[in-house]
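Asks: Turn this into a model:
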Amino acid sequence: MSAQSLEQKCIEAGLKMTEPRRAILGVLSHAHDHPSVEEVYARAKKKDPSISMATVYRTLGLLDELGLVFRHEFNDADFARYEVSDEHHHHLIDMDSGKVLEFQNEDIEKMKQKIAKDLGYELVECRLELYGRKIKK
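Replies: The predicted structure is shown next:
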């Protein structure tokens with residue numbers, strides 16, 4: 001999701017757009033990883049040197065409450081990581097490097113729907129996290 005469309009969603013939700021918030025939105029919309037609060041802060045500080053860690057925490061909390069970002073803990077539990085709530089996907093976490101890979105799989109999507117239906121439910125949300133180690137050849 002672009003920084004502009006993310007900003008528009010914030011405005012529609014009633015958030016005042018400040019320069020620090022714009023810097024945070026820019027960081028999140030351009031992130032190809034799942035940055036921690038500290039990483040968002042360091043990247044945003046390059047765009048807006050006046051930004052504070054408290055502003056980053058508050059803004060990420062607001063964005064999470066609004067459903068515009070996802071907060072992930074990925075079994076590290078030491079720190080959360082964030083990503084823009086954009087297209088539906090799942091995660092594979094490399095247990096050695098901590099790298100997070102995003103993937104989509106139609107077979108998994110069908111299986112999730114079937115399981116929910118077989119149990120008498122409509123699937124509303126699902127977050128799938130796979131943990132693994134690279135196969136050594």
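Asks: For His30, grab the count of nearby residues.
Replies: 11 (other C-beta atoms under 10 Å). Heads up, the C-betas are built off the backbone N, CA and C, glycines and all.
Asks: how near is it to Leu119?
Replies: 40 Å (C-beta to C-beta, to the nearest Å).
Asks: ok, now Lys137?
Replies: Distance, Lys137 to Leu119, using C-beta to C-beta: 40 Å.
Asks: Which one of these two is surrounded by more residues?
Replies: When Lys137 and Leu119 are compared on other C-beta under 10 Å, the one with more neighbours turns out to be Leu119, at 8 against 3.
Asks: Three-state assignment for the most centrally placed residue in the chain, please.
Replies: Nearest residue to the geometric centre of the chain (C-alpha atoms, centre = their mean): Glu83, 1.8 Å. Here Glu83 takes the strand state, with states given by DSSP: H, G, I helix; E, B strand; the rest coil.
Asks: wait, isn't it in contact with Leu63?
Replies: No: using C-beta atoms under 8 Å, Glu83 makes no contact with Leu63, being 10.6 Å away.
Asks: what do the two both touch?
Replies: Common contact partners of Glu83 and Leu63 (C-beta atoms under 8 Å, 6 or more residues apart in numbering): 28, 69.
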